[in-house]
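Q: okay, here's the prediction I keep looking at, along with the sequence it came from:
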Amino acid sequence: MLAKYNLAYTGEYLENSAKVLDKMADIYEKLSDRYHSSEVSGSVIVQLREIARLIMEFTGAYSREMQPDAQVYEKIEKNFDKRGIRLGQMRIIERGDGTREYYLQLKTYKNKCSTTREVAGMLSDILGTGVIPEENNRVMLNGNYNEYIFAECGRFHIIYGVARKNKAGNVISGDTYSVEEISQGKTIISLADGMGAGTRANEDSALVVELVEEAVRAGFSEKAAIDMVNTALMAKDKESVPITVDMCVIDTVIGIANFIKLGAVATYIKRDGWVELIQSETLPIGIFRKVDFDRSIKKIYAGDYMIMVSDGVLEAIESLDKEERLMSIIAGLVSNNPQGMAEEIMEKVQKTAEPNDDMTVIVAGMFARDQR
């Protein structure tokens, strides 16, 4: 009976469970190919594989323990000692996504007083990357050794602005957007455009944004999240429900942006006076069982701006080459504040008081985070 509460036993049991789920996914895949089963079986396969991956991550199969570099340890020890802090053992856990957690045994001496927030600031300076104390840590250090956990946080943070105009005669926009920090060091920007305008389009686009974000927050990959949402849309009605999806998943720890587009118009990256265009020829979701998934991964730096627009914005531009004209507008922006930039783009694009389609402009800026 005691084996049930043994962590090693539990970890092994969970890993075996994950392998069983993978085997089940293989069986579903073979049956689906042989008997041409419905779209739902495809979603079941995706979910089984993703749950197996999450279990493996939970057991630490995709993590590794590292010993700190001797010189780094010595530097931390000396700096802490100046502040009246003794450093005992130190461990580093590197997760599957490359982020690290630092486990430090610490205590104060000479009647010194320090907080975990102060320790995090010192660690950030020494390691050259931002770290924050875990929520379950003690707030204050004391005269006894206790283990404190510090997790890497984003070196950057996102500030965004949004400008919107509804199609003439509509109170509700068919565009839905969201900017959410879904986990420490990961922010997701979503813009979905439902077919048509008004309440129905709004409900469809809002559903897509909510489901994708919840799935990614739960640990599912972006592709798996979109596959599951596409299956839900296909089962929602007998008729197809095409919805364009524009997503940008930003890793604020290392400064990487993963752009995912399904039927969406171009996205723009502005760096000083230079503008890069990210295009895609994929179709919206909700049309076919298999999703044509397109992604572009870009390195992002402090001072960069990512501009996402709905197709109504491009349609409002009076030019034969609408994307080129929008690039020119973005390159010539006067404001460097995300909200001001979004409003300036909308003002320069909208030539008539009554738009022919819903219009949404999102500007997300990457800024260096103050670790203090």
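A: Yep, that arrived.
Q: strands of the stretch 51-200 of the chain, residue ranges please.
A: Under the criterion DSSP state E, counting those that start in this stretch, strands of the stretch 51-200 of the chain are mapped to 64-66, 85-94, 100-108, 131-133, 146-152, 156-165, 175-183, 186-194.
Q: list the contacts of the residue lying closest to Glu354 once chain neighbours are set aside.
A: Residue nearest to Glu354 in three dimensions, not counting chain neighbours: Ala168, with 3.7 Å by CB to CB, 6 or more residues apart in numbering. Backbone N, C-alpha and C define where each C-beta goes, glycine included. Contacts for Ala168 were tallied using CB atoms under 8 Å, 6 or more residues apart in numbering; they are 354-356.
Q: would JSON lines of the residues you listed with secondary structure and neighbour count be doable?
A: Formatted as JSON lines, these follow (DSSP: H, G, I helix; E, B strand; the rest coil; neighbours: other CB atoms under 10 Å):
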{"residue": "Glu354", "secondary structure": "coil", "neighbour count": "10"}
{"residue": "Pro355", "secondary structure": "coil", "neighbour count": "21"}
{"residue": "Asn356", "secondary structure": "coil", "neighbour count": "12"}
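Q: let me know the closest of those residues to Met346.
A: Taking CB to CB as the measure, Pro355 is the one of the contacts of Ala168 closest to Met346, at 9.9 Å.
Q: just to check, that closest one is in contact with Asn166?
A: Yes - under the criterion of CB atoms under 8 Å, Pro355 makes contact with Asn166 at 7.2 Å.
Q: count the residues that sit near the nearest residue to Lys261 once chain neighbours are set aside.
A: Excluding the flanking residues, the one nearest Lys261 by CB to CB, 6+ apart is Ser280, at 3.7 Å. Applying other CB atoms under 10 Å, we find 20 residues neighbouring Ser280.
Q: how about Ser280, secondary structure?
A: Applying DSSP: H, G, I helix; E, B strand; the rest coil to Ser280 yields a three-state assignment of coil.
Q: tell me the phi and psi of it?
A: Phi and psi for Ser280, reported as degrees, to the nearest 10, are phi -150, psi 150.
Q: contact partners for it?
A: Neighbours of Ser280 in contact, by CB under 8 Å, 6+ apart: 261-264, 266, 294, 296.
Q: where's it relative to Glu324, distance?
A: 17 Å (CB to CB, to the nearest Å).
Q: go on, Glu318?
A: For Glu318 relative to Glu324 (CB to CB), the value is 13 Å.
Q: partners of Tyr148 in the sheet?
A: Tyr148 has these beta-bridge partners by DSSP bridges: Leu104.
Q: give me the pLDDT for it.
A: On pLDDT, Tyr148 comes in at 95.
Q: adjust the sequence numbering to begin at 786 for everything that follows.
A: Fine by me, first position is 786 from now on; the one you just mentioned is Tyr933.
Q: how many neighbours does it have?
A: There are 18 residues near Tyr933, going by other CB under 10 Å.
Q: I'd say it and Leu891 touch.
A: Yes - in this structure Tyr933 lies within contact range of Leu891 using CB under 8 Å: 5.6 Å.
Q: was I right about Glu1129 contacting Val1119?
A: Yes - if you go by CB under 8 Å, Glu1129 and Val1119 touch, sitting 6.7 Å apart.
Q: more neighbours: these two, which one.
A: Taking other CB under 10 Å, Glu1129 and Val1119 do not tie; Glu1129 has more neighbours (21 against 7).
Q: could I get the buried residue list for the helix or strand encompassing the more buried one?
A: Taking DSSP states H and E as the definition, Glu1129 sits inside helix 1123-1134. The neighbour-count check on helix 1123-1134 (16 or more other CB atoms under 10 Å) flags 1123, 1126-1131, 1133-1134 as buried.
Q: so Gly928 versus Leu833, what's the distance?
A: Remark: distance between Gly928 and Leu833 (CB to CB) = 51 Å.
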